[in-house]
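**Student:** Quick one: sequence and predicted model below, then my questions.
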Amino acid sequence: MAARIKTITPLEGWILERALQGMYIAPAHLRKVNAQVAALVLILLTGARKSAIMRARWRDVDPAEAALAVDPPQKGVNTIVLGAAALAWLDTWRAELQRRHGARAGAPSAFVFPGQPR
């Protein structure tokens, strides 16, 4: 099967740039962001593997400890350190998901980036 290539739009590039600089992104712009781009921002902010980020659930995010617990398939639980920009991005993304899908979107068992291949 051929790999699917996603081209980043100018708006998505602008959002990536602002997110990586820890700058505010207006909700009107977030409405055009899909889960792939939101995940890419977190990958770039943390240096984490794509598979770890795509499997993350909200229950794995610990804002008090600034950490994301990931459970690799053949090892124990690892922790990804979340900087201030990553925590801010997760807060922003959760608010956007709840705006789109209701409170259920931010439930502990829900995926941080829903609808993406795991």
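**Tutor:** Okay, I see it.
**Student:** Just the buried positions in the lowest-mean-pLDDT helix or strand in the chain, please.
**Tutor:** Least confident helix or strand, the chain: helix 27-30 with a mean of 72, by mean pLDDT, DSSP states H and E. Within helix 27-30, the residues that qualify as buried are L30, counting by 16 or more other CB atoms under 10 Å. No exception for glycine: its C-beta is placed from N, CA and C like everyone else's.
**Student:** Over to stretch 41-51?
**Tutor:** By neighbour count on 16+ other CB under 10 Å, the buried set for stretch 41-51 is V41, L42, I43, L45, T46, A48.
**Student:** And the residues you listed, which is closest to A69?
**Tutor:** Taking CB to CB as the measure, A48 is the one of the buried residues of stretch 41-51 closest to A69, at 11.6 Å.
**Student:** How confident is the prediction for the most centrally placed residue in the chain, by pLDDT?
**Tutor:** Nearest residue to the geometric centre of the chain (CA atoms, centre = their mean): A39, 3.9 Å. At A39, the pLDDT value in this model is 90.
**Student:** Tell me the secondary structure at it.
**Tutor:** Here A39 is helix, with the state taken from DSSP: H, G, I helix; E, B strand; the rest coil.
**Student:** Apart from its chain neighbours, what residue comes closest to it?
**Tutor:** F113 (4.5 Å; CB to CB, 6 or more residues apart in numbering).
**Student:** dump the residue contacts of the closest residue to I43 other than its chain neighbours.
**Tutor:** Closest residue to I43 apart from its sequence neighbours, by CB to CB, 6+ apart: I53 at 5.4 Å. For I53, the contact set (CB atoms under 8 Å, 6 or more residues apart in numbering) comprises A39, L42, I43, T46, V112, F113.
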